[in-house]
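pasting a predicted model and its sequence here:
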Amino acid sequence: MDAQAQLCSSQAFSNDAVSEAAYDSLAAGFDISEGGEPLGIGISVEVAAKVSGGTETYEFQAIQSAADDLSSPDVLNLIQPPAASLVAGSKWVIPIPLGSKTKRYLGLNFNGGNDPTVTITAWIAPLSMLGGHKTYAGRSTIS
């Protein structure tokens, strides 16, 4: 994985927060997927989501911002996985719609409800590289 494309590494999320890092596309109007492959944000769950309360909600958003701290973001796309599905080792993808990027920085925003907690690693990559991965007991990944 390209270190500059990594948005967070084993970051614990609770309630609302943005990723530790932002992807700098170097220009506001430059659509990094234009003329190429569609991009997405890959999410790997490191520590399973808390489900003990039974009412926790989890929402991951692909965002853009004019600021590198990802303040005042615009949501490009989102997923709302069921809490019980956010188990350690599970993988999720948020597609970034073609032509949607208008600001310089891309990142991940987490919105949670009812005291959620989950630890994830997230990165930006072409969609073709985000699907079809399977992890086996020997820690080998085949894609």
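Yes, it's here. Since the model is a prediction, treat every value here as computed from it, not as a measurement. Numbering: from 1, shown residues only.

centre of the chain to stretch 115-128, how far?
4 Å (CA atoms, centre = their mean, to the nearest Å).

residue ranges for the strands of the protein, please.
In the chain, the segments counted as strands under DSSP state E are 6-14, 17-18, 23-24, 39-47, 57-65, 74-79, 91-96, 105-113, 117-126, 134-135, 141-142.

can you list the ones you listed in TSV and add distance to Ser85 and mean neighbour count?
C-betas here are computed from N, CA, C, even on glycine. Output for those, formatted as TSV (distance: least, CB to CB, whole Å; neighbours: other CB atoms under 10 Å):
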stretch	distance to Ser85	mean neighbour count
strand 6-14	16	18
strand 17-18	20	18
strand 23-24	26	16
strand 39-47	9	21
strand 57-65	9	21
strand 74-79	11	15
strand 91-96	9	18
strand 105-113	15	21
strand 117-126	11	20
strand 134-135	16	11
strand 141-142	20	8
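
who does Ala125 bridge with?
Beta bridges link Ala125 to Gly40, judged by DSSP bridges.

possible to save the strands of the chain as TSV with mean pLDDT?
Formatted as TSV, the strands of the chain follow (pLDDT from 0 to 100):
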stretch	mean pLDDT
strand 6-14	95
strand 17-18	96
strand 23-24	92
strand 39-47	95
strand 57-65	96
strand 74-79	96
strand 91-96	95
strand 105-113	95
strand 117-126	95
strand 134-135	54
strand 141-142	61
